[in-house]
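Student: Quick one, structure for this:
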Amino acid sequence: MTPTAGILGAGTVGKAVARFFLAAGRNVVISNSRGPDSLGEVIAELGAGAEAGTSAQAAQAPLVVLATPWTAVESTLAALPPWSGNTLVDATNAIDFPAFSPRDLKGRLSTQIVADAVPSARVVKAFNTLAATILGADPVAHGGRRVLFVSSDDPSARLAIVDLVDRLGFAAVDLGGIAEGGRVQQFGGGVSGKEFVQLG
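Tutor: Residues are numbered from 1 along each chain as shown. Coordinates of the predicted model:
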């Protein structure tokens, strides 16, 4: 199977995004830090079109979603082969546990840190502002479509993910570049953890 999307992280967010891709007819390879042999239940849950793989195999897809805990971001990305124009969607949140507060990033934005770790990838911030249980629910709710926010310094990659988010059933809102959009999207930002619905 040639995947059209790779998922780095098989937790609640990774599985939710994988389900939406599968529903849209995209094959996915999903991975975690423990290896493909640990993902039997996840693959059974996701069904046809989903395949377990290593992180390196998931990262070979043209579209890759980073959905690991923040503490695993650096090690996950460092272990991957060089990127070559892939789009990496950063769905992570930099959270300090157990306080559940924004992690001190010394004035930097979380997605800037991700982008610096994968300089050859086209990095887009998305899929991170809704609580995982809400993200995994039907995007049509309360008489409209739940909003997902998108930002990136690569205009073509950003527009491609805006289009994808719309086709997955959500309402996409383009927030522009990372310096502005990524700031309000990251954990503790203005749209983080809030459920917005586009009516009509």
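Student: Do you know the pLDDT at residue 25?
Tutor: Residue 25 carries a pLDDT value of 89.
Student: Actually, residue 9.
Tutor: We have a pLDDT of 97 for residue 9.
Student: ok, now which ones touch it?
Tutor: 31, 32, 65, 66, 67, 68, 69, 72, 76 (CB atoms under 8 Å, 6 or more residues apart in numbering). Every C-beta, even on glycine, is put in place using the N, C-alpha and C of the backbone.
Student: Which among those count as buried?
Tutor: Buried by 16 or more other CB atoms under 10 Å: 31, 32, 65, 66, 67, 68, 69, 76, out of those.
Student: Closest one to residue 5 out of the residues you listed, please.
Tutor: Within these, proximity to residue 5 (CB to CB) peaks at residue 65, which comes in at 6.7 Å.
Student: how much space between the residue nearest the centre of the chain and residue 37?
Tutor: Closest residue to the average C-alpha location of the chain: residue 91 at 3.1 Å, with CA atoms, centre = their mean. Distance, residue 91 to residue 37, using CB to CB, to the nearest Å: 24 Å.
Student: which helices and strands sit right next to the longest strand along the chain?
Tutor: In the chain, taking DSSP state E as the definition, the longest strand is strand 144-152. Applying 3 or more CB pairs under 8 Å, 6 or more residues apart in numbering; DSSP states H and E, one finds that strand 144-152 contacts strand 122-125, helix 155-167, strand 171-174, helix 183-185, strand 197-199.
Student: Pull the distance from it to the chain's centre.
Tutor: Its chain's average C-alpha position is 12 Å from that of strand 144-152, according to CA atoms, centre = their mean, to the nearest Å.
Student: Specify the angle between it and helix 155-167 in degrees.
Tutor: Angle, strand 144-152 to helix 155-167, by axes from the mean of the first three to the mean of the last three CA atoms, to 10 degrees: 170 degrees.
Student: Provide the strand pairings for strand 144-152, with the direction of each partner.
Tutor: Partners of strand 144-152 in the sheet, by DSSP bridges, are strand 122-125 (antiparallel), strand 140-141 (antiparallel), strand 171-174 (parallel), strand 197-199 (antiparallel).
Student: need these in TSV with distance to residue 99, can you?
Tutor: Below are the strands paired with strand 144-152 laid out as TSV (distance: least, CB to CB, whole Å):
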stretch	distance to residue 99
strand 122-125	23
strand 140-141	30
strand 171-174	29
strand 197-199	29
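Student: so where do the helices sit in this protein?
Tutor: If DSSP state H is used as the criterion, the helices of the chain fall at 12-23, 40-46, 55-58, 73-78, 110-117, 132-135, 155-167, 183-185.
Student: Pull the residues that contact the second one.
Tutor: So that's helix 40-46. The contact list for helix 40-46, computed with CB under 8 Å, 6+ apart, reads 10, 15, 18, 19, 22, 28, 30, 50, 51, 52.
Student: change it to 7 Å
Tutor: Here helix 40-46 makes contact (CB atoms under 7 Å, 6 or more residues apart in numbering) with 10, 15, 18, 19, 22, 30, 50, 51, 52.
Student: repeat for the longest one
Tutor: When contacts are defined by CB under 7 Å, 6+ apart, helix 155-167 is touched by residues 24, 87, 89, 122, 124, 126, 148, 150, 151, 152, 172, 174.
Student: I am finished for the moment; much appreciated.
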